[in-house]
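>>> next comes the sequence, and after it the predicted model I'd like to discuss.
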Amino acid sequence: MQRRYITVDVFTNQAFGGNPLAVVLDAGGLSTAQMQAIATEFNYSETTFVLPPQDPAHDAQVRIFTVNRELPFAGHPNVGTAYVLATQAAKPPARLLFEEGAGLVPVEIATEQGRVVSTEFTAPQPLKRLSHLGAEQAASCLSLSASDIKLDRHPPQIISVGLSFLAVELTSREALRRARPDAGGFARIFPCDGSDAVYFYTRDVPSGEQPCELQARMFHPGASGLSEDPATGSATAACAALLADLDPLKDGELKLTIGQGVDMGRPSLLLTRVRKQGGAVSSIHVGGASVQMMEGTFRLAGVG
């Protein structure tokens with residue numbers, strides 16, 4: 001049996017921007033080990049596998065793999081997979097509902113004149129605020145000094161809406177640009193509360209760089225050591241939820257546009273919405289555009 005795949009660049013409207021994703025269609029019959037091997041072969045930050053839903057009321061079961069492990073949830077795989085499925089449909093649906101390890105993930109589909117222009121996921125879990133870390137600890141992961149860490153809104157903290165990250169605010173765009181992953185700093189801190197990655201951002205966004213309120217980066221363990229992710233929807237969702245949780249607004253919706261990937265040559269824009277009711281975060285949404293890049297087929301010996 002031939003297995004179809006489509007690759008997309010996610011959180012961008014331009015080819016060779018954003019975060020690449022491989023979406024394997026017709027994934028029924030593949031074992032977990034085979035899915036992991038295929039994801040490693042693609043060598044993208046994530047590869048998704050689309051399977052029939054366990055509950056026919058849902059649209060698909062989606063399994064997400066990095067080059068070395070399966071994830072219960074991730075952001076850009078949902079945005080990109082929904083884009084692929086919606087563009088493959090005879091008529092794009094208004095909404096898709098995915099079964100994932102972290103729970104059900106709804107994805108809204110925005111169209112213009114019948115063409116899919118963006119997709120937006122809702123985080124499957126409420127915001128969890130976990131361990132605090134010191135400025136020195138966080139800085140050591142980023143090859144920075146403690147004076148580069150901004151603490152007026154929140155300390156470095158592990159947060160999650162389905163996947164855990166250490167969230168760190170930096171004092172300046174220059175510090176964000178200067179950061180480099182430090183293996184020793186990572187080894188001293190991680191794993192911690194299920195996290196092995198650092199998402200760090202700054203409010204210091206120069207005019208003209210990107211139309212956004214925050215500029216962010218993310219370091220994580222890859223196939224051959226620490227690497228950088230050009231667009232991290234799950235971490236963006238958690239960070240947006242944290243900032244909304246800290247905001248004095250009691251009821252309403254807080255929106256942020258967050259840039260990522262600029263310093264690695266793959267600029268991305270992530271659009272966030274966080275709703276609050278009675279002073280508490282009630283729902284968390286992240287969306288953006290995608291661009292189809294490649295499509296093809298492969299066959300595994302002895303499968304299908």
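Received, thanks.
>>> from the centroid of the protein, which residue is nearest?
Compute the mean C-alpha point of the chain, and by C-alpha atoms, centre = their mean the closest residue is residue 233, 2.4 Å away.
>>> from memory residue 150 sits against residue 173, does it?
No: counting by C-beta atoms under 8 Å, residue 150 does not reach residue 173; the two are 12.0 Å apart. Any C-beta I mention is one placed from the backbone N, CA and C, and that applies to glycine too.
>>> coming back round to it: where's the spatially closest residue to the residue nearest to the centre of the chain that is not a sequence neighbour relative to residue 213, distance?
In this structure, residue 233 finds its nearest non-sequential neighbour in residue 75, 1.6 Å apart by C-beta to C-beta, 6 or more residues apart in numbering. Relative to residue 213, residue 75 is positioned 18 Å away (C-beta to C-beta, to the nearest Å).
>>> these two - which one has more neighbours?
Between residue 75 and residue 213, residue 75 has the larger neighbour count (other C-beta atoms under 10 Å), namely 30 against 15.
>>> contacting residues around the more buried one?
Neighbouring residues of residue 75 by C-beta atoms under 8 Å, 6 or more residues apart in numbering: 121, 231-237, 270, 286.
>>> how many neighbours does the nearest residue to residue 45 once chain neighbours are set aside have?
Leaving out its chain neighbours, the residue that sits closest to residue 45 by C-beta to C-beta, 6+ apart is residue 229, at 5.5 Å. Look at residue 229: counted by other C-beta under 10 Å, it has 26 neighbours.
>>> isn't residue 229 up against residue 46?
No: the criterion here is C-beta under 8 Å, and residue 229 misses it with residue 46 at 9.3 Å.
>>> number of nearby residues for residue 8?
Using other C-beta under 10 Å, residue 8 has 26 neighbouring residues.
>>> same check, this time on residue 190
Counted with other C-beta under 10 Å, residue 190 comes out at 19.
>>> please apply the same query to residue 6.
By the criterion of other C-beta under 10 Å, residue 6 has 21 neighbours.
>>> check the one 3 residues further on too.
Each residue near residue 9 was counted by other C-beta under 10 Å, and the total is 25.
>>> excluding its own residues, what touches stretch 185-201? List them.
Contact with stretch 185-201 is made by 130-131, 133, 137-143, 158, 160, 163-170, 176, 179, 181, 214-221, 226, 229, 232, 235-236, 238-239, 258, as judged by C-beta under 8 Å, 6+ apart.
>>> out of those residues, which end up buried?
Buried members of these, scored by 16 or more other C-beta atoms under 10 Å, are 133, 137-142, 158, 160, 163-170, 176, 179, 181, 214-221, 226, 229, 232, 235-236, 238-239, 258.
>>> quick one: which of those sit in strands?
Per DSSP state E, strands hold the following members of the buried ones among the contacts of stretch 185-201: 158, 160, 164-170, 214-221, 226, 258.
>>> quick revisit: tell me which of the contacts of residue 75 fall in helices.
With DSSP state H as the criterion, helices contain 233-237 from among the contacts of residue 75.
>>> give me the distance between residue 126 and residue 80.
24 Å.
>>> now residue 283
In this view, residue 283 and residue 80 are 21 Å apart by C-beta to C-beta.
>>> and those two? Which one has more around it.
Applying other C-beta under 10 Å to residue 283 and residue 80 shows that residue 80 carries more neighbours, namely 32 against 15.
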